[in-house]
Every structure is written in C-alpha cells, then in structure tokens.
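*Asks:* missing the sequence, but the structure's below:
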C-alpha cells in the first residue's frame with residue numbers, strides 16, 4: 001500500500017472511531033469486517049453462472065428491441081463486462097468509451113452517440129467515471145408502483161394537491177374531447 005493509501009485508511013479509521021466512540025482498533029476491525037462482508041457478497045453475486053444468466057436475460061430483451069445496430073453492438077459488447085463495476089450490482093459495467101470503441105470497431109464519437117441513444121431509450125444509465133448500469137426499460141415500474149401503493153401518507157398538502165389534481169383531470173378531459181373531435185373528422 002502506498003503511503004497516501006495508508007494515510008487515507010488511517011484517517012478513515014480515526015473518523016469512524018470518533019463518530020462511533022470506539023477505540024482505533026475496534027473501528028479498524030469493523031471496517032475490515034465490512035470489507036470482508038462486501039467482498040463475500042460480491043463474490044456470491046458475481047459467480048460466473050449468475051453473470052451468464054444475467055447477460056442472457058439482458059440480451060434476450062435487448063436484441064429484440066427496436067434499436068439501431070450501432071446501439072445493439074455497443075450494448076452487446078458492454079454485456080460481456082457485466083459485474084465489473086465497483087458496486088456489487090451484477091448489471092454494473094466498467095468500460096471507457098475509448099475501450100468500447102476499440103472493442104466494437106466504431107468511431108469514438110459514434111460510440112458516444114450510440115450510448116446516448118441507448119440511455120435515451122432506457123437501456124443503460126449515464127456513464128460516470130467510465131461506469132454504467134445496463135437496464136431494461138420499464139423493469140422497475142412494478143417495484144416502484146408497489147412502493148407507492150404501500151405508502152401510507154401520499155398527500156402531504158391536500159390544499160395544494162387538490163387543485164392540481166382537478167387541473168390535470170380538466171386538461172385530460174379537454175385533450176380527450178379534442179382528440180374525439182379530430183377522430184370524427186370535425
């Protein structure tokens with residue numbers, strides 16, 4: 001470990017000890033324990049079988065989507081790197097745009113534009129520090145809908161929400177009647 005890395009680790013341990021009220025050694029042991037747990041979790045989630053299953057599932061949905069070929073080629077190449085990001089998410093990938101361009105044979109700018117298009121369609125999250133997450137559009141809708149359905153206190157300010165809800169309903173009714181008139185040829 002470099003001197004700077006060692007100093008950063010010591011500072012992290014001192015901060016943890018100060019916040020938790022533990023001794024330096026106890027805080028160091030806690031940090032090491034958390035690192036071991038995270039490493040074990042990562043190893044379990046990133047088994048070759050789990051990654052292969054995740055890639056197969058992703059490719060099955062992505063290859064049947066209506067996307068330009070350059071986007072499909074980029075996503076196909078990225079899917080081969082599943083599990084390489086720093087987080088424990090199996091859909092995380094780490095790949096620079098230059099590496100992806102070299103791997104796909106595309107121009108770097110065409111690679112960037114293909115990734116932006118993939119992001120706009122919901123097939124990948126934004127690249128930050130050469131990391132991204134491959135996603136399937138709409139895959140989280142049911143989960144968030146369930147969270148919202150189970151939430152107890154949805155409206156915090158009824159006096160604000162009520163008029164807005166009525167305005168939305170009135171606008172929707174106006175749009176529907178306008179569409180009906182257009183459909184009848186009026």
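*Replies:* Structure's in. What do you need? Nothing here was measured: the structure is a model prediction, and the numbers come from that model. Numbers count the residues shown, from 1 in each chain.

*Asks:* Leaving out the residues flanking it, which one is nearest to residue 136?
*Replies:* Spatial nearest neighbour of residue 136, excluding adjacent residues (C-beta to C-beta, 6 or more residues apart in numbering): residue 61 at 5.2 Å. (Each C-beta comes from the backbone N, C-alpha and C, glycine too.)

*Asks:* Give me the pLDDT for the one you found.
*Replies:* On pLDDT, residue 61 comes in at 89.

*Asks:* That one against residue 135, yeah?
*Replies:* No. With contact defined as C-beta atoms under 8 Å, residue 61 and residue 135 do not form a contacting pair (10.2 Å).

*Asks:* Can you report how many residues lie near residue 29?
*Replies:* Neighbour count for residue 29, taken as other C-beta atoms under 10 Å: 13.

*Asks:* Report the mean confidence score over the strand or helix carrying residue 178.
*Replies:* Following DSSP states H and E, one finds residue 178 within helix 158-184. The average of the pLDDT scores along helix 158-184 is 87.

*Asks:* so how far is it from its chain's centroid?
*Replies:* The chain centroid and the centroid of helix 158-184 are separated by 34 Å, computed with C-alpha atoms, centre = their mean, to the nearest Å.

*Asks:* Give the buried residues for that helix.
*Replies:* Using 16 or more other C-beta atoms under 10 Å as the test for burial, helix 158-184 gives no buried residues.

*Asks:* Is it correct that residue 75 is in contact with residue 122?
*Replies:* No. Using C-beta under 8 Å, residue 75 is not in contact with residue 122, being 11.5 Å away.

*Asks:* Which one's more surrounded, the two?
*Replies:* Per other C-beta under 10 Å, whichever of residue 75 and residue 122 has more neighbours is residue 75, with 24 against 13.

*Asks:* Next up, the contacts around that one.
*Replies:* Residue 75 is in contact with 62, 67, 118, 123-124, 134, counting by C-beta atoms under 8 Å, 6 or more residues apart in numbering.

*Asks:* Lowest-confidence entry in those?
*Replies:* In terms of pLDDT, residue 134 ranks lowest among these, with 86.

*Asks:* where does this protein dip in pLDDT?
*Replies:* Scanning the chain for pLDDT under 70 picks out 1-5, 39-46, 85-90, 183-186.
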